[in-house]
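S.K.: when you get a sec, could you give me coordinates for this:
(one chain, ligands or ions: 1)
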Amino acid sequence: MRIIKYVDIMSAKNEGRKKIIISPGIMVSPYARETARSFGIDIVEYSRNKREEKNMRKLFIAGNWKMNKTNSDTVKLLSDLKPRVSDAGEVDIMVAPPYTSLTLAAEILSGSNIMLGAQNMHHEESGAYTGEITADMLTEAGCSWVIIGHSERRKYFGCTDELVNKKLKKALQKGLNPIVCVGEQLEDREGGNTFEVLRRQVTKGLEGITDLVTIAYEPVWAIGTGKTASPEQADDAHKFIRELLADIYSPEDAEKIRILYGGSVKPGNVAELMAKENVDGGLIGGASLVAETFSQVVKF
Ligand code: PEP
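M.R.: All right, here's what the predicted structure looks like:
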């Protein structure tokens, strides 16, 4: 159970924030509440139901397990997760386990409200690409989603914008729903180049694409680091991406596209991020590896 303490109020004060947004389940210590009041900082509860009231795009929470979980871990995690989120009907939920667990996960998730995705795919139909996997293999294993261009694929495995584009075309051709990841490095942000990087990644990645695809904005400096973009930083980046999407598709279509935020999202910060107009969900790494935390993120 997360508790908002004095230190949280002090860091909000130091960041010049006048409002702290929390999910209803989060406690606030009496001293923290008093301190917030003395600094004129409002503590506001926000839950996913508020999004529905405002007719916002349907929330989408996706878990990227990365290179974690054996088959037996997968059985445990998904068996624990399923009943915890079975009543979260107003949220689209997806998990992306490692390839070795996909078929097993598909069996466990059959008939549930959790969709299945993969973490990557190759753009060729088949052939001599040792260690790679095709879109057909993923659909046959039960996947309906695939993550494309995750920053770890870009950083460690040479995934370029051109490859993102090729993978995206193949995924769409095969009926997979892609989540295209974009995001700047720390030096890009510090050098004031965030929007330039996002423009390049989005326009090159989506070149020649007419189908609407889900985007994940994941500032690289916030992935697995415990540092989260502030809700305002996330919303600014998402708004900019939506403007790019309006040019690529049309302003009406851009309004339909979900842009997820990724980067150290957890039960304690999910509400303030999802309260933002342009943030339509989350791509969750670390917090998706434990059923309790992932379900708290889903059901904030
Ligand atoms: C990710 O893997 O896409 C991610 C956002 O990881 P984390 O939530 O651990 O930062």
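S.K.: close to the ligand: what parts of the stretch 201-300 of the chain are there?
M.R.: 218, 223-224, 262-265, 283-287 (CB under 6 Å from any ligand atom). C-betas here are computed from N, CA, C, even on glycine.
S.K.: cutoff 5 Å now
M.R.: 223-224, 262-264, 283, 285-286 (CB under 5 Å from any ligand atom).
S.K.: type out the PyMOL command that picks the buried ones from these.
M.R.: Applied in PyMOL, the following selects the buried portion of these according to 16 or more other CB atoms under 10 Å:
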select buried, resi 223+262+263+264+283+285+286
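S.K.: closest to the ligand among the residues of the stretch 201-300 of the chain next to the ligand?
M.R.: Of all those, the ligand sits closest to Gly285, with 2.1 Å by CB to the nearest ligand atom.
S.K.: ok so, going back, of the residues of the stretch 201-300 of the chain next to the ligand, the lowest pLDDT goes to which?
M.R.: Of all these, Gly224 carries the smallest pLDDT score, 82.
S.K.: does that residue belong to a helix, a strand or coil?
M.R.: coil (DSSP: H, G, I helix; E, B strand; the rest coil).
S.K.: residues in contact with it?
M.R.: The contact partners of Gly224, by CB atoms under 8 Å, 6 or more residues apart in numbering, come to 264, 285-286.
S.K.: what residues are up against Leu59?
M.R.: 48, 51, 90-92, 274, 280-281.
S.K.: need those residues in CSV (columns: pLDDT and secondary structure).
M.R.: As requested, those are exported to CSV (pLDDT from 0 to 100; DSSP: H, G, I helix; E, B strand; the rest coil):
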residue, pLDDT, secondary structure
Arg48, 85, helix
Arg51, 80, helix
Glu90, 88, coil
Val91, 95, strand
Asp92, 97, strand
Met274, 94, helix
Asp280, 96, coil
Gly281, 97, strand
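S.K.: nearest to the ligand, of the residues you listed?
M.R.: Using CB to the nearest ligand atom, the contacts of Leu59 come closest to the ligand at Gly281, 12.0 Å.
S.K.: any idea how many residues pack against the residue of the stretch 51-200 of the chain found nearest the ligand?
M.R.: Proximity of the stretch 51-200 of the chain to the ligand (CB to the nearest ligand atom) peaks at Asn64, 4.3 Å away. Using other CB atoms under 10 Å, Asn64 has 26 other residues around it.
S.K.: list the contacts for it?
M.R.: 96, 119, 147, 150, 262, 283-285, 288.
S.K.: let me know the helix or strand that Trp128 is in.
M.R.: Check again: residue 128 is Ala, not Trp. For Ala128, there is no enclosing helix or strand under DSSP states H and E.
S.K.: make 677 the starting number, not 1.
M.R.: Done: numbering now begins at 677, and the last item shifts to Ala804.
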